[in-house]
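K.L.:
A predicted structure for the sequence below; I have some questions about it.
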Amino acid sequence: MPIGLDGVVRQEEWLDVEGAALMMDCDIKQVLPARTAGHIVGLPSSDGSFRFPDWQFRYDGQPFPDVSNVMEAVGNDHLLAYLFMTSTHTELAGRTAEEYLRSSRSEDLADVARRWLSKKPDQTSEDT
């Protein structure tokens, strides 16, 4: 589990760098640059490595294209992207952005993320 995020992150499947490389069918050396470029969300863990939530990958192992759009919308902040993706949103019929991403062919989460980010911090906790 990512460091210092007890109570914030869910207990979903987290992939280490090797697992993310296997998922994306790429060389392990390509995972961290993909994270830095904002193509995938990766949070630091207590051992100094990164962990990657599995919800950001499509059935074929590639990241959903809208993940990078969300990352751009939140200023490439991995924690904010994670919090946005795992929070429920009224605009998404009460679903999380993660659920919306998996069930929709639409790739318009960046606008929702920008609106979510522009709200006051006390308004971004759950149903935004």
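P.N.:
Ah, there it is.
K.L.:
State the phi and psi torsions of I28.
P.N.:
Dihedral angles of I28 (phi, psi; degrees, to the nearest 10) stand at phi -60, psi -30.
K.L.:
Excluding chain neighbours, give the residue nearest to it in space.
P.N.:
Using Cβ to Cβ, 6 or more residues apart in numbering and skipping the chain neighbours, the partner closest in space to I28 is A21 (4.3 Å). Backbone N, C-alpha and C define where each C-beta goes, glycine included.
K.L.:
Check whether that neighbour really touches P33, as I assumed.
P.N.:
No. A21 lies out of contact with P33 (Cβ atoms under 8 Å); the separation is 11.5 Å.
K.L.:
Among the two, which residue is more densely surrounded?
P.N.:
Taking neighbours as other Cβ atoms under 10 Å, A21 and P33 compare with A21 leading, 20 against 9.
K.L.:
Run through the strands of this protein in chain order.
P.N.:
Along the chain, the segments classed as strands by DSSP state E run 14-15, 43-44, 50-53, 88-89, 95-96.
K.L.:
do you know which of the ones you listed lies nearest A37?
P.N.:
The minimum distance between A37 and the strands of the chain falls on strand 50-53, with 13.6 Å, by Cβ to Cβ.
K.L.:
if I look at the residue nearest to I28, how far off is G61?
P.N.:
According to Cβ to Cβ, to the nearest Å, A21 and G61 sit 10 Å apart.
K.L.:
just N69 next, same as before
P.N.:
From N69 across to G61, the span is 19 Å (Cβ to Cβ).
K.L.:
more crowded one of these two?
P.N.:
Shown here are N69 and G61; by other Cβ under 10 Å, N69 has more neighbours (17 against 13).
K.L.:
What's the local residue count around the residue nearest to that one when sequence neighbours are not counted?
P.N.:
Spatial nearest neighbour of N69, excluding adjacent residues (Cβ to Cβ, 6+ apart): A110 at 3.8 Å. A110 has 16 neighbours, counted by other Cβ under 10 Å.
K.L.:
With V31 instead?
P.N.:
Residues near V31, counting by other Cβ under 10 Å, number 25.
K.L.:
again, but for K29
P.N.:
Close neighbours of K29, defined as other Cβ under 10 Å, add up to 9.
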